[in-house]
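>>> below are the sequence and a predicted model; questions follow.
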Amino acid sequence: MTLLENLRANRLILGIANVGFWVVCSAIILVGRANLESTIAPISPVWIWLIALTGYTLAQGIFDWIGSANSQNKRDANPSVAIQWIRGVALQTVVWASISALIILASHLGAGYCFACLAGILLLCAGQLIFLKWINGGTFTTTTENTDFAGKTFFINCPEATFTGGTVVGIKNEQIVPLGWKENEALKIESLRRNYAVEKGLPVRTLLILIAWNLVGVAIGDWLKVFDSGNMALTVIYFSAWMTLWSFIGLLILPSLSHSSVYAADRASYQKKSKKTEDFIKKFPDIVGENGHNNPRIQKIFYPIPNSKARLEKLNETSCSKLVLGSLSRTNLFLSWACLNLTARSVHCNIGRPLLWIYPPAA
């Protein structure tokens with residue numbers, strides 16, 4: 001099996017390679033700041049920014065192609081992945097241009113990088129549904145009936161089989177559901193699970209924790225004067241490189257902190273519909289195309305959603321964790337767009353799957 005074939009066959013390896021690529025690039029940029037300042041700082045900031053953005057788009061596009069090619073080998077391939085990719089890249093470019101402008105403004109003011117990041121996160125939260133609709137190219141239908149969800153449900157007709165939707169980040173009781181689930185028992189079970197999340201305030205809690213997490217990263221970078229440069233484009237590039245490394249730390253620690261919310265939601269649903277909850281958990285790996293990992297250490301680091309065996313074993317556990325924080329890891333993949341995080345669409349669950357850049361699989 002060739003290296004390309006191996007990457008396509010194993011999404012975890014592909015994700016590690018993709019994330020590792022951007023982490024190494026970011027480290028090289030920060031280590032070589034002095035050389036960058038002496039060699040390319042005199043170049044127009046517009047040209048530097050455009051060259052950097054083009055380089056990112058081309059390099060990430062190769063990884064996306066490998067990831068989407070893997071999906072095309074499945075019976076349930078997404079026939080719209082090419083147009084969705086174009087729309088997704090265009091959307092991310094617009095968002096990143098806006099964030100870059102805020103960073104440049106903050107630099108002119110001599111402070112305020114945290115404000116730029118916070119404004120970006122709030123923008124992403126406000127536009128999450130709009131962004132999803134844009135990439136999908138379809139329409140939403142809404143209902144408050146027959147879903148068992150205590151709030152508004154948005155159905156989206158999408159061709160991506162691994163799309164699960166989720167609760168909308170923030171204070172509103174809203175969820176996104178693939179239209180194919182409308183007459184499926186999975187909808188009722190997932191609605192019960194999401195009811196638990198809403199009742200416990202997990203969407204808001206998750207948002208606040210991730211705002212704090214990202215702002216701490218920005219504040220540390222600002223304190224260390226990582227972003228300082230005489231060229232505004234290099235300031236943006238340093239910001240992106242630093243926050244990519246900070247987000248990488250999050251990729252290592254946030255998945256394990258997300259496990260308790262999965263187990264807690266499972267138990268909440270199990271108390272009302274035990275047999276159907278068990279069936280849902282058993283079938284869930286087929287929906288998202290992954291099933292955690294048999295190695296507990298690998299699962300703890302790389303899989304925010306534990307495998308079905310672990311989830312079933314936790315259903316009757318009485319000494320459950322009280323530290324339920326929400327879906328931190330995968331929610332941050334989208335929100336970290338506000339930090340210009342280069343790994344935001346590079347992990348195994350969403351690489352090459354544009355709809356999942358906005359809503360990675362959640363449970």
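Right, received. Where do you want to start?
>>> use CA for all of it now, contacts and neighbours both
Will do.
>>> ok, which stretches of this protein are helices?
3-9, 11-31, 33-39, 45-72, 81-109, 113-136, 185-199, 202-223, 232-270, 274-288, 296-302, 308-313, 328-335, 355-358 (DSSP state H).
>>> between those, which one is nearest to I176?
Proximity to I176, assessed across the helices of the chain by CA to CA, is greatest for helix 113-136 (8.5 Å).
>>> output the helices of the chain as TSV; include the columns mean pLDDT.
Shown next, in TSV, are the helices of the chain (pLDDT from 0 to 100):
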stretch	mean pLDDT
helix 3-9	55
helix 11-31	96
helix 33-39	91
helix 45-72	90
helix 81-109	92
helix 113-136	92
helix 185-199	87
helix 202-223	95
helix 232-270	94
helix 274-288	90
helix 296-302	89
helix 308-313	92
helix 328-335	94
helix 355-358	95
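>>> need the contact list for C349.
R11, G15, L356, P360, P361 (CA atoms under 8 Å, 6 or more residues apart in numbering).
>>> where's the closest residue to the third one other than its chain neighbours relative to T162, distance?
Read it as L356. Leaving aside its chain neighbours, L356 sits nearest to N350 (5.1 Å; criterion: CA to CA, 6 or more residues apart in numbering). N350 is 9 Å from T162, where distance means CA to CA, to the nearest Å.
>>> so who does the residue lying closest to R311 once chain neighbours are set aside touch?
Closest residue to R311 apart from its sequence neighbours, by CA to CA, 6+ apart: Y263 at 6.2 Å. With contacts defined as CA under 8 Å, 6+ apart, Y263 is in contact with R311, K314, L315.
>>> return the member of those nearest to S327.
Nearest member of the contacts of Y263 to S327, counting by CA to CA, is R311, at 15.3 Å.
>>> so that closest one sits against D279, correct?
No: applying CA atoms under 8 Å, one finds R311 not in contact with D279, separated by 11.6 Å.
>>> quick one: which of these two has more around it?
Set R311 next to D279 and count neighbours by other CA atoms under 10 Å: R311 wins out with 20 against 14.
>>> any idea how far that one is from L355?
Counting by CA to CA - R311 and L355 are separated by 26 Å.
>>> ditto for L325
Noted for L325: a distance of 24 Å to L355, by CA to CA.
>>> do the same with I301
Using CA to CA, I301 is found at 24 Å from L355.
>>> the two: which is more packed in?
Taking other CA under 10 Å, I301 and L355 do not tie; L355 has more neighbours (26 against 16).
>>> got a list of what the more buried one touches?
Residues near L355 by CA under 8 Å, 6+ apart: Q84, G88, L132, I135, N136, E160, F163.
>>> apply 10 Å and report the result again.
81, 84-85, 87-88, 131-136, 158-160, 162-163, 165 (CA atoms under 10 Å, 6 or more residues apart in numbering).
>>> burial of W223, as a residue count?
Neighbours of W223 (other CA under 10 Å): 10.
>>> ah, wrong one, I meant L187
22.
>>> tell me how far it lies from Q175.
Noted for L187: a distance of 11 Å to Q175, by CA to CA.
>>> which residue packs closest to H293, ignoring adjacent ones?
Excluding its sequence neighbours, the residue lying closest to H293 (CA to CA, 6+ apart) is Q299, at 5.0 Å.
>>> then N18?
S346 (5.6 Å).
>>> that neighbour reaches F334, doesn't it?
No: S346 is beyond contact range of F334, at 11.3 Å (criterion: CA atoms under 10 Å).
>>> still on that earlier bit, from I104, how far out is the residue nearest to R311?
Taking CA to CA, one finds Y263 at 43 Å from I104.
>>> repeat for W213
22 Å.
>>> who's more crowded, those two?
The neighbour comparison of W213 against I104 (other CA under 10 Å) goes to I104, with 20 against 15.
>>> OK, contacts around that one?
Residues in contact with I104, defined by CA under 10 Å, 6+ apart, are S98, G110, G112, Y113, A116, N231, M232, A233, T235, V236.
>>> and the residue nearest to L356, how far from P360?
6 Å.
>>> any common contacting residues for the two?
Shared contacts of N350 and P360, defined by CA under 10 Å, 6+ apart, comprise T162, F163, R330, L333.
>>> closest one of the residues you listed to I48?
Once CA to CA is applied, the member of the shared contacts of N350 and P360 that ends up nearest I48 is L333, at 25.6 Å.
>>> contact partners for that closest one?
247, 250-251, 341, 343-347, 350, 356-360.
>>> can you flag the buried ones in those?
Among the contacts of L333, those classed as buried by neighbour count (16 or more other CA atoms under 10 Å) are 247, 250-251, 341, 343-347, 350, 356-360.
>>> circling back to that earlier point, list just the nearest of the shared contacts of N350 and P360 to Q60.
For the shared contacts of N350 and P360, the nearest to Q60 is L333 (15.2 Å; CA to CA).
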